[in-house]
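Turn this into a model:
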Amino acid sequence: MSTRRQLKAAEAIREVVATSVLTDIRDPRVRDVTVISVDVSPDMREAKVSVSVMGDDAQKDLSIRGLQNSAGFLQSKIANRLDTRYTPRLTFELNRGQENALAVHEILARLKAEKEGSHEGEGGGVSTSHSTEDEPTASTDDTDALPPKSTDEPSAEL
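Presented below is the predicted three-dimensional model:
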C-alpha cells in the first residue's frame, strides 16, 4: 500500500518528468512521449515511470532508450523539486494500455459487423433484433390469474 508521502512524491516526479520531456529534453529520439504514471518504491530510492509512445515498435524502443539516457538529467530536475534524502533512480517502462484498448475496440467492431451481417442474410436486409412483435404484452405470472381480495372480509391469515 502506498503512503501519502509516496503518492505525493510520485505525482511531483510525474509532473517534473512530463514537463521536462516536453520542454527540456533535446534528444531527437524522444518524440511523441506521454508520461502516464509513476510508481515510487517504499524506500523512495527507485521510481518506475510508465510512458506511452505513439509510433511503431522501432520508435518506441528509440524513445525508451533516449529516456534512459536522459535519466540523469531528469533526476537532477527531480532533486531540485523534491526535498528528500535520496533522489529516486528513474527507470522507464512502456505502457501498452492504449494499444490494448485499440485492439479490443477493433475486435468488438469486427464482431458487431459480423453479427449485423448475419442478421441481414436472414431477414433480407432488414434487422429484426429491435422489433417489438416478439415481446409479450401481457404478463404470464400466476399472480394475475388470482381474483382480487375483498377488503370487507376479515383476513384468515394470522
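
any residues touching stretch 16-33, and which ones?
Defining contact as Cβ atoms under 8 Å, 6 or more residues apart in numbering, one finds that stretch 16-33 is touched by 34-35, 38, 49, 51-55, 59, 62-63, 65-67, 69-70, 73-74, 77-78, 81, 90. C-beta coordinates here come from the backbone N, C-alpha and C atoms, glycine included.

How about K60, nearest residue that isn't a chain neighbour?
V53 (4.5 Å; Cβ to Cβ, 6 or more residues apart in numbering).

What is the burial count for the one you found?
Neighbour count of V53, defined by other Cβ atoms under 10 Å: 23.

do A103 as well
Per other Cβ under 10 Å, the neighbour tally for A103 reads 11.

average pLDDT across stretch 25-43?
Averaged over stretch 25-43, pLDDT sits at 93.

Give me the buried positions along that stretch.
25, 29-30, 33, 35-36, 38, 40 (16 or more other Cβ atoms under 10 Å).

re the thing from before, any idea what the residue nearest to K60 is bridged to?
Going by DSSP bridges, V53 is paired in beta bridges with V33.

Let's see the pLDDT reported for it.
For V53, pLDDT reads 92.

how close does it sit to A79?
26 Å (Cβ to Cβ, to the nearest Å).

ok, now V40?
14 Å.

before we move on, what about V35?
For V35, the distance to A79 - Cβ to Cβ - is 18 Å.

cool, and D61?
Counting by Cβ to Cβ, the gap from D61 to A79 is 28 Å.

Then R96?
For R96, the distance to A79 - Cβ to Cβ - is 30 Å.

One more: R45?
13 Å.

what about R26, is that helix, strand or coil?
Secondary structure assignment for R26 (DSSP: H, G, I helix; E, B strand; the rest coil): coil.
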